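Engineer: Fold the following for me, if possible:
(one chain, ligands or ions: 1)
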Amino acid sequence: MNDDRAHGPIDKLFTRRVGPEYCFFCAQPIHAKTSTEEHVIPRWVQQRFNLWNKRLTLLNGTTINYKHLTVPCCIDCNTQRLQPIESKLSAATLVGSAAVRDIGRESLFVWLGKIVYGLLYKQTQLPAKRALADSPPIMSARGILDFQKDIYFLQFARGEVRFPNGLPASIFVFETQAGDHPDLQWDYCDSIPTLVVGVKVGKVGIVAVLRDGGAQQVCEKEYMELSPHPLHPLQFRELFAQIVYRSRLYNRVPKYMIVLEPCHVVIRIPDGTGGPIFDQAHAEDYAKILSEYTGIPLNDLFRPPDGVHTWLRDAAGIPVYLPLREYRFLPRRLRPKVGS
Ligand SMILES: [Zn+2]
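Structural biologist: Numbering: from 1, shown residues only. The predicted structure is shown next:
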């Protein structure tokens with residue numbers, strides 16, 4: 001990305017301060033009359049799956065109720081830019097994966113990006129040690145600056161950025177089994193180092209690799225072939241682990257050129273360096289990530305030198321339909337976790 005970015009309100013993102021007096025999304029100052037509280041995990045999700053008093057684990061291992069996960073947001077971002085996307089997601093997730101795909105990858109990119117960025121931003125507002133009056137926050141204001149480019153791209157929702165030759169992210173939508181219990185219907189998982197985020201909303205699972213310049217999108221066919229049946233929550237976690245692992249094997253840094261028109265036009269520069277864009281995979285490294293995202297011990301998943309358990313295929317390599325009545329222990333093991 002070049003440095004010529006001083007252009008109207010978007011410039012505030014790069015000189016931003018954090019706090020209740022700034023919109024978490026567009027960074028513009030807000031005051032009492034223009035301030036709203038944006039629920040990081042949308043209200044309709046909390047309502048549908050009764051999440052209000054469930055707890056989410058933060059970067060420092062503490063937990064917080066979903067209902068307290070709010071960030072300061074200006075009226076314009078909240079009601080005009082983000083709410084329309086929420087309305088689309090709320091309706092489409094009730095219909096199914098095809099309806100969610102029809103929303104368009106751009107909206108899914110903004111939606112998942114907003115959630116993970118909101119979670120990170122919230123942690124600039126929470127003390128790391130709640131018992132200490134002068135505790136530093138879980139994430140420093142400086143730490144959130146590492147995500148400047150990511151929030152800059154999300155300004156797509158404000159019409160201030162566009163991507164004429166493709167999103168800077170890879171997005172995948174899967175059909176999942178809904179289940180008859182709220183704990184089986186909702187799932188959230190993320191990987192902060194490569195900014196991968198996944199949610200399971202009823203019968204739809206969505207995963208975004210937010211920082212790879214769309215590189216992993218070429219693997220979509222492979223993932224779809226791995227998931228011809230509606231995925232069990234455990235299978236969704238397995239696919240998520242595969243996507244996270246591949247994101248860590250990605251060996252390029254996406255480059256962009258920005259053209260300043262009335263809005264910023266972000267053009268991805270083709271990679272001309274040649275050679276594989278993903279490093280060689282190693283079974284044990286992947287197994288560790290699978291263990292992390294399933295809560296199942298590594299020893300139960302990995303058989304040296306290269307055997308890794310899968311719930312997606314049987315021994316003959318045929319895709320498996322895993323009924324929900326199996327692995328009912330799952331919700332306790334798969335507590336939603338932030339900052340893995
Ligand atoms: Zn705003």
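
Engineer: Run through the bridge partners of Thr36.
Structural biologist: Here Thr36 shows beta-bridge partners Cys73, assigned using DSSP bridges.

Engineer: pLDDT at it, what is it?
Structural biologist: At Thr36, the pLDDT value in this model is 93.

Engineer: For it, give me its contacts.
Structural biologist: Pro72, Cys73, Cys74, Ile75, Asn78, Thr79 (Cβ atoms under 8 Å, 6 or more residues apart in numbering). Using the backbone N, CA and C atoms, a C-beta is placed for each residue, glycine as well.

Engineer: The last one belongs to a helix?
Structural biologist: What that stands for is Thr79. Yes - counting by DSSP: H, G, I helix; E, B strand; the rest coil, Thr79 falls inside a helix.

Engineer: Can you tell me, leaving aside adjacent residues, what's nearest to it?
Structural biologist: Here the nearest residue to Thr79 in space, its sequence neighbours aside, is Thr36; by Cβ to Cβ, 6 or more residues apart in numbering that works out to 7.6 Å.

Engineer: and Thr63, how many neighbours?
Structural biologist: Other residues lying near Thr63 total 12 when counted by other Cβ atoms under 10 Å.

Engineer: what's across from the residue nearest the centre of the chain in the sheet?
Structural biologist: Geometric centre of the chain, nearest residue: Val197, 2.4 Å, by Cα atoms, centre = their mean. The residues paired with Val197 through beta bridges, assigned by DSSP bridges, are Asp190, Ala208.

Engineer: Report the secondary structure state of Glu175.
Structural biologist: The local conformation at Glu175, judged by three-state DSSP, is strand.

Engineer: Next, the contact list for it, please.
Structural biologist: Gly96, Ser97, Lys203, Val204, Gly205, Ser227, His229, Pro230, Leu231.

Engineer: ok, now which ones touch Lys67?
Structural biologist: With contact taken as Cβ under 8 Å, 6+ apart, Lys67 is in contact with His39, Gln46, Leu51, Trp52, Asn53.

Engineer: Next, Tyr188: phi, psi?
Structural biologist: phi -140, psi 130 (degrees, to the nearest 10).

Engineer: Wait, it touches Arg55, no?
Structural biologist: No - assessed by Cβ atoms under 8 Å, Tyr188 is found out of contact with Arg55, at 11.9 Å.

Engineer: Settle it for me: which of these two has more neighbours?
Structural biologist: For Tyr188 versus Arg55, the count of surrounding residues by other Cβ under 10 Å is larger for Tyr188: 22 against 14.

Engineer: what about the helices in the stretch 201-340 of the chain?
Structural biologist: If DSSP state H, counting those that start in this stretch is used as the criterion, the helices of the stretch 201-340 of the chain fall at 220-226, 233-249, 283-294, 298-301, 330-333.

Engineer: Figure out which of the ones you listed is closest to Val209.
Structural biologist: Evaluated with Cβ to Cβ, these place helix 233-249 nearest to Val209, the distance being 5.1 Å.

Engineer: Rounded mean pLDDT for the closest one, please.
Structural biologist: 96.

Engineer: gap between it and the chain center?
Structural biologist: Using Cα atoms, centre = their mean, to the nearest Å, we find the averaged C-alpha position of helix 233-249 to lie 12 Å away from the chain's own average C-alpha position.

Engineer: Cool, thanks, signing off.
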